[in-house]
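[1] Structure for the following, please:
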Amino acid sequence: MDEYTFTENFNNQGRPSKTYLCYEMERLDGNATIPLDEYKGFVRNKGLDQPEKPCHAELYFLGKIRSWNLDRNQHYRLTCFISWSPCYDCAQKLTTFLKENHHISLHILASRIYTRNHFGCHQSGLCELQAAGARITIMTFEDFKHCWETFVDHKGKPFQPWEGLNVKSQALCAELQAILKTQQN
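    Model prediction:
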């Protein structure tokens, strides 16, 4: 992805209308992890402005991962860096996916928390996803830097954090912890 697209969509201060999901997969072999570069990339949601049927980034990605035909006798770790945490419906679909695919562990790192669902549904969706085994966290400076270095065509430029990145990440982290803790009580 280009620099502008990354900054526009992953800057945790903004509220972009698109969702980008960057992903990387590792095969777990005992104590070793083996990066699977053929399963690394990014997708974005398909909106009304595009010729394809509208689709959230997470659902588009689930269709993609199902086509990989991963060996069910191996164990994999899937890491997703996403510009918005999953909405309730996407969290439900990811929960179902994890329950059907015990050979895959999922870590979601979100730039910001999606809160457009009414009546706190997004909160229960995230809690159910966590209960299904997903690890859900907020992106930190190191995570944004990793995404920049891994998924952005940065032409050799180092990651330049935006003003307030760390403060906003800490606030979102506290908000997410409160959401996920609510369900545990």
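[2] residue ranges with poor pLDDT in this protein?
    Scanning the chain for pLDDT under 70 picks out the ranges 47-52, 116-120, 182-185.
[3] who does the top strand by length along it pair up with?
    The single longest strand within the chain, with elements called by DSSP state E, is strand 32-44. In the sheet, strand 32-44 lines up against strand 20-29 (antiparallel) (DSSP bridges).
[4] Report the backbone C-alpha coordinates of the next helix or strand after the longest strand of the chain in PDB.
    Downstream of strand 32-44, the next assigned helix or strand under DSSP states H and E is helix 57-66. Taking Å, rounded to 0.1, in the frame of the first residue of the first chain, the C-alpha atoms of helix 57-66 are listed here in PDB:
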ATOM      1  CA  ALA A  57     -12.600  -6.200   5.100                       C
ATOM      2  CA  GLU A  58     -12.800  -9.000   7.600                       C
ATOM      3  CA  LEU A  59     -15.300 -10.900   5.500                       C
ATOM      4  CA  TYR A  60     -13.400 -10.400   2.400                       C
ATOM      5  CA  PHE A  61     -10.300 -11.700   4.200                       C
ATOM      6  CA  LEU A  62     -12.100 -14.700   5.500                       C
ATOM      7  CA  GLY A  63     -13.000 -15.700   2.000                       C
ATOM      8  CA  LYS A  64      -9.400 -15.300   1.000                       C
ATOM      9  CA  ILE A  65      -8.000 -17.400   4.000                       C
ATOM     10  CA  ARG A  66     -10.500 -20.200   3.300                       C
END
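[5] relative orientation of helix 57-66 and strand 32-44 in degrees?
    130 degrees (axes from the mean of the first three to the mean of the last three C-alpha atoms, to 10 degrees).
[6] Tell me which helix or strand comes right after helix 57-66.
    Later in the chain than helix 57-66, the nearest helix or strand by DSSP H and E is strand 75-82.
[7] For that next one, enumerate the helices and strands it packs against.
    In this structure, strand 75-82 packs against strand 20-29, helix 57-66, strand 104-110, helix 141-151, with contacts taken as 3 or more C-beta pairs under 8 Å, 6 or more residues apart in numbering; DSSP states H and E. Every residue, glycine included, has its C-beta placed from N, CA and C.
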